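**Q** next come a sequence and a model predicted from it.
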Amino acid sequence: MTLIAVIGAGPTGGALARTLAGRSRVSEVRLIDPEGRIADGKALDILQSSPIEQFSARVTAAGSIPAAAGADAIVLADLVATGEIGGEAGLALLRQLARLDTSAPILFAGGAQRELMVRGLDELHLSPRRLIGSAPLALESSVRAFTAALLDGSPTDLSIGIAGVPPRDAVIGWDAATAFNQPIAAVLAAHHMAALSSRLPALWPPPAYTLASAAARIAEALASV
């Protein structure tokens, strides 16, 4: 049985729980938020869609952070009351997770959680192997979607990487990018590449569903290790 705990039933957390359940690659998704009623409601909504969307994953809800104990992977998303987990409150939550008897990896799904990750390393002395961010992959997905529209193709036909720290210190790796299994420069004009590069800061942070989609893939991989 594979369990992923999603902390935060806000827009990103709710979308993440739905995405994980719909992909049916984990046994259980546990949506955790101090606003327990809202977490319960979102979990129930997801379950009620299972006959239509044809997935079998179990979706549960809880109102306290210790409910993450026993999870194969823990995802920090956004709380209903306060939004994306971060700052002093986020550090306190991370400290609470560190005290649980668990070695589960902790995935940061939000676009503004880099500082929280650094504080987890420096102040809580959490293992670097446990802390992972997925938001940069969401940014790559956004760039692929825009590029695919220019090429009248599908994002799955493209391979485009981004290096650096978003939003200001990130660059698109056009030299290594491919489209339709050939160098992207063969099908995408240089001025289009320049335009997309200039828009990169405006694409950060990605919207909730894009963040959730990227986090779901990483969380599944972490839970299966």
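**A** That came through, no problem.

**Q** after the helix or strand bottoming out on mean pLDDT in the chain, which helix or strand is next?
**A** Every helix and strand in the chain was compared by mean pLDDT, DSSP states H and E; the lowest is helix 50-53, with a mean of 88. With elements assigned by DSSP states H and E, the helix or strand that comes after helix 50-53 is strand 58-62.

**Q** next SSE after that next one?
**A** Next in sequence after strand 58-62, counting helices and strands by DSSP H and E, comes strand 73-76.

**Q** give the other helices and strands that that next one contacts.
**A** strand 3-7, helix 87-99, strand 106-108, helix 208-224 (3 or more C-beta pairs under 8 Å, 6 or more residues apart in numbering; DSSP states H and E). Bear in mind the C-beta positions are built from the backbone N, C-alpha and C, glycine included.

**Q** how about low-confidence regions in this protein?
**A** Along the chain, no part satisfies pLDDT under 70.

**Q** change it to 80
**A** The chain contains residues with pLDDT under 80 at 101-102.

**Q** grab the nearest non-local neighbour of the residue with the largest distance to the centre of it.
**A** Distance from the centre of the chain peaks at residue 186, with 31.9 Å (C-alpha atoms, centre = their mean). Spatial nearest neighbour of residue 186, chain neighbours left out: residue 179 (7.6 Å); criterion: C-beta to C-beta, 6 or more residues apart in numbering.

**Q** ok, the one you found to residue 11 distance?
**A** 32 Å (C-beta to C-beta, to the nearest Å).

**Q** so if I had to pick from the two, which one is more boxed in?
**A** Between residue 179 and residue 11, counted using other C-beta atoms under 10 Å, the more crowded position is residue 179 (21 against 18).

**Q** give the contact list for the more buried one.
**A** 147, 151, 153, 157-159, 186-188 (C-beta atoms under 8 Å, 6 or more residues apart in numbering).

**Q** go again with 10 Å.
**A** 144, 147-148, 150-151, 153, 157-160, 185-188 (C-beta atoms under 10 Å, 6 or more residues apart in numbering).

**Q** which among those residues count as buried?
**A** 144, 147-148, 151, 158, 160, 187-188 (16 or more other C-beta atoms under 10 Å).

**Q** could I get those as CSV with secondary structure and distance to residue 117?
**A** Output for these, formatted as CSV (DSSP: H, G, I helix; E, B strand; the rest coil; distance: C-beta to C-beta, whole Å):
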residue, secondary structure, distance to residue 117
144, helix, 24
147, helix, 28
148, helix, 30
151, helix, 34
158, strand, 28
160, coil, 24
187, coil, 37
188, coil, 33
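
**Q** can you pick out the most distant pair from those residues?
**A** 144 and 187 (13.8 Å; C-beta to C-beta).

**Q** are there residues contacting both of the two? Which ones?
**A** 153, 157-158, 179.

**Q** which of those residues sits closest to residue 170?
**A** Nearest to residue 170 among these: residue 158, at 17.4 Å, using C-beta to C-beta.

**Q** for the closest one, give me its contacts.
**A** 140, 143-145, 147-148, 151, 177-180, 184, 187-188.
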